[in-house]
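**Student:** turn this into a model:
(chains A and B)
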There are 2 protein chains.
Amino acid sequence: MNPHDTKVSQNNIRMNLIIVGTVAFDAIETPFGKTDKIIGGAATYISLAASYFTAGAGVVSAVGGDFPREYISLLNDHGVNTDGLEIKEKEKSFFWSGRYNADMNSRETLVTELNVIDGFKPVIPDSYQGAEFLMLGNLSPDIQIAVIEQLTTRPKLIVLDTMNFWIDNTPADLKRVISMVDVLTINDSEARELSGEYSLARAARKILTMGPEYLIIKKGENGALLFSAEKMFFAAALPLEEVFDPTGAGDAFAGGFIGYIAKTGDVSFENMKTAIITGSAMASFCVEKFGTANLVSLTKPEIYNRIQQFAELVRFADMDIT
Amino acid sequence: MNPHDTKVSQNNIRMNLIIVGTVAFDAIETPFGKTDKIIGGAATYISLAASYFTAGAGVVSAVGGDFPREYISLLNDHGVNTDGLEIKEKEKSFFWSGRYNADMNSRETLVTELNVIDGFKPVIPDSYQGAEFLMLGNLSPDIQIAVIEQLTTRPKLIVLDTMNFWIDNTPADLKRVISMVDVLTINDSEARELSGEYSLARAARKILTMGPEYLIIKKGENGALLFSAEKMFFAAALPLEEVFDPTGAGDAFAGGFIGYIAKTGDVSFENMKTAIITGSAMASFCVEKFGTANLVSLTKPEIYNRIQQFAELVRFADMDIT
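**Tutor:** Numbering: from 1, shown residues only, chains lettered A, B, ... in the order given. Next up is the predicted model:
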């Protein structure tokens, strides 16, 4: 396997955010309709969401020769650098297909074809070295570790997303990568599984001893929690009239989060709170249309207005203590 | 049946809040232990929680001759008027027993003995007439309607709590009482069942056409939502390290809510937001110990500090939109 079959060249904007994850085909069925193979993958959703906040994002991933060049141009049009996106002409792209149940909270996976991702060895382009921020989207822990180990400078902040599959199948590798990062994002059932604690407050305390300084627990339509050893923050999810397609919501959340951190350069707990709200806003846009349809066409005023809705949703007057 | 077998006499404080619901025995098993028959019932939890905010609360309910006088004194010691609590000496008190599963979110009912509540005809004491606020705790809709119809003056605000049992078994009566009240409180699965809508935002829109001006959807450890036709508010639940016993949490929530409304006399949406946070705080205290153990021994500074924690939990800085 030649890791450099093809490469898409790129303008020379200084990279400050490296995004690692799948760039792939998805086929989605929900109670509201179904799609053919459309652009999907964690790195796609993360980078599109982040693109509204930072111009210096670059992707590390691999696709096959079957991947439409228009899809890559779509990322580039959003300012996403694809120097780190290998195109392996003789292979096929990662493909996932799933069907959501009527409640939109549970789904069945119909097809998972790893294809080009099977045995993928990430190569960090020189142009990405020195980036301050690293977002490791859901992938096998050994790929995530390989990325961290290739970086000549340790980023200011490394954020790791993962899922129950890796807790079950590669727990040792997963624990190793968890020990190398600053922020871990997982969902509530994964936090419970990883810690063996039902209470999320206790689960968080335990997981924070595994290495990360911050933990984000995603609860889908029930919001998200941010924990440090000393502090806790809750970001509500906006109750939406219509959820068309939950695919990519967690990745859009991660993209909004890391994009806002990269934009501001501020890794304090206080700034992470606003970053989580930003992520929640991007996730809320994501689920309102199929696939990436909404994420590719947002405006800054729309995003800002949505964030104001999140602020308004939880604002209340102080108690009358007379 | 004589509705006035016995009555506990009371000091003459002007009533401004009538609380209707069971006063009963509970026996509770959780992964952390079990209780004998202890004081329970919706009206007990509601009135204890409300007692920290308003001195003018009175209960409408019935107990049997087996109900310990110390339990009634406990309510009186918290300033709760029990003129409306019938003691039917020859009957037995309502008894509920349940066992919580390890996740503390699901439970099995082991015993339900209606006893004195079977065929209960509520009688509103003259001393309660003119009260500005009415809290109808979970009971059969016909009892709730009988209370409303006995009031000589329509209260400024009527709050109704109910549950899926009445949606399934007495839907016509339930819809009638829903049409008579200002605020309905139900949990998320009940909101979905009542409306036939999965999206809580849509469910709320539909339920608000059934009569109430406000709807509160309780989501347990995932917080609570307040809806009016125009507005929406979300109250986060405080993530707790330890939940010992969820019994009464919804009633403690209702008691904190209506107690704060009765204290302030303000039925605006804005004030209801603070009232819901107050209810959430009372629910968080409730679940930290078995039964009413925590609710009977709180101090105002403890409550105020807890409410500050709720405020801090969701506070975030405005977005940098440069």
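**Student:** what number of residues lie near the residue nearest to residue A:288 when sequence neighbours are not counted?
**Tutor:** Taking Cβ to Cβ, 6 or more residues apart in numbering or on different chains as the measure, residue A:288 lies nearest to residue A:294, with 5.3 Å between them; neighbours along the chain are not counted. For the C-beta atoms, the positions are set from N, CA and C on the backbone; glycine is no exception. Residues within reach of residue A:294, counting by other Cβ atoms under 10 Å in any protein chain shown, total 21.
**Student:** sticking with the closest residue to residue A:141 other than its chain neighbours, tell me its helix or strand.
**Tutor:** Of all residues beyond its chain neighbours, the one nearest residue A:141 is residue A:173 (3.8 Å), with distances taken as Cβ to Cβ, 6+ apart. When secondary structure is defined using DSSP states H and E, the element that contains residue A:173 is helix A:171-178.
**Student:** in that helix, which residues are buried?
**Tutor:** Along helix A:171-178, these residues count as buried under the neighbour rule (16 or more other Cβ atoms under 10 Å in any protein chain shown): A:173, A:174, A:177, A:178.
**Student:** now it, how far from the centre of its chain.
**Tutor:** 18 Å (Cα atoms, centre = their mean, to the nearest Å).
**Student:** pairing partners for the helix or strand just after it, with directions?
**Tutor:** Using DSSP H and E, the helix or strand that follows helix A:171-178 in sequence is strand A:183-187. Pairing partners of strand A:183-187, with direction, according to DSSP bridges: strand A:157-161 (parallel), strand A:214-218 (parallel).
**Student:** using TSV, lay out these together with mean neighbour count and distance to residue B:125.
**Tutor:** Listed next are those as TSV, based on neighbours: other Cβ atoms under 10 Å in any protein chain shown; distance: least, Cβ to Cβ, whole Å:
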stretch	mean neighbour count	distance to residue B:125
strand A:157-161	25	60
strand A:214-218	25	49
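**Student:** ok, the closest residue to chain B within the stretch 1-150 of chain A - contacts?
**Tutor:** Among residues of the stretch 1-150 of chain A, the one nearest chain B by Cβ to the nearest Cβ turns out to be residue A:103. It sits 5.7 Å away. Contact analysis of residue A:103 by Cβ atoms under 8 Å, 6 or more residues apart in numbering or on different chains lists residue B:198.
**Student:** so residue A:164 touches residue A:190, yeah?
**Tutor:** Yes. The pair formed by residue A:164 and residue A:190 meets the contact definition of Cβ atoms under 8 Å, at 5.1 Å.
**Student:** which of the two has more residues huddled nearby?
**Tutor:** It is residue A:190, of residue A:164 and residue A:190, that has more neighbours when counted by other Cβ under 10 Å, with 21 against 13.
**Student:** mind checking the SS state of residue A:61?
**Tutor:** Classification of residue A:61 by DSSP: H, G, I helix; E, B strand; the rest coil places it in strand.
**Student:** which phi and psi does the closest residue in space to residue A:44 that isn't next to it in sequence have?
**Tutor:** Using Cβ to Cβ, 6+ apart and skipping the chain neighbours, the partner closest in space to residue A:44 is residue A:23 (5.3 Å). Here is the backbone geometry of residue A:23 (degrees, to the nearest 10): phi -120, psi 120.
**Student:** follow-up on the earlier one: the helix holding residue A:173 to strand A:183-187, inter-axis angle?
**Tutor:** In terms of direction (axes from the mean of the first three to the mean of the last three Cα atoms, to 10 degrees), helix A:171-178 departs from strand A:183-187 by 130 degrees.
**Student:** quick one: contacts of helix A:171-178?
**Tutor:** The contact list for helix A:171-178 (Cβ under 8 Å, 6+ apart) reads A:136, A:140-142, A:144-145, A:148, A:160, A:162, A:166-167, A:184, A:207, A:210-212.
**Student:** neighbour-wise, which one of those leads?
**Tutor:** Ranked by the number of neighbours (other Cβ under 10 Å), these place residue A:136 first, at 32 neighbours.
**Student:** ranges for the helices of the stretch 1-150 of chain A?
**Tutor:** Listed in chain order, the helices of the stretch 1-150 of chain A (DSSP state H, counting those that start in this stretch) span A:42-50, A:69-77, A:141-150.
**Student:** tell me which of those helices sits most buried.
**Tutor:** Most buried of these by mean neighbour count (mean count of other Cβ atoms under 10 Å in any protein chain shown) is helix A:42-50; its value is a mean of 31.
**Student:** just give me how far that helix sits from the chain centre.
**Tutor:** 6 Å.
**Student:** with adjacent residues omitted, what lies nearest to residue A:89?
**Tutor:** Once chain neighbours are set aside, the closest to residue A:89 by Cβ to Cβ, 6+ apart is residue A:65, at 3.8 Å.
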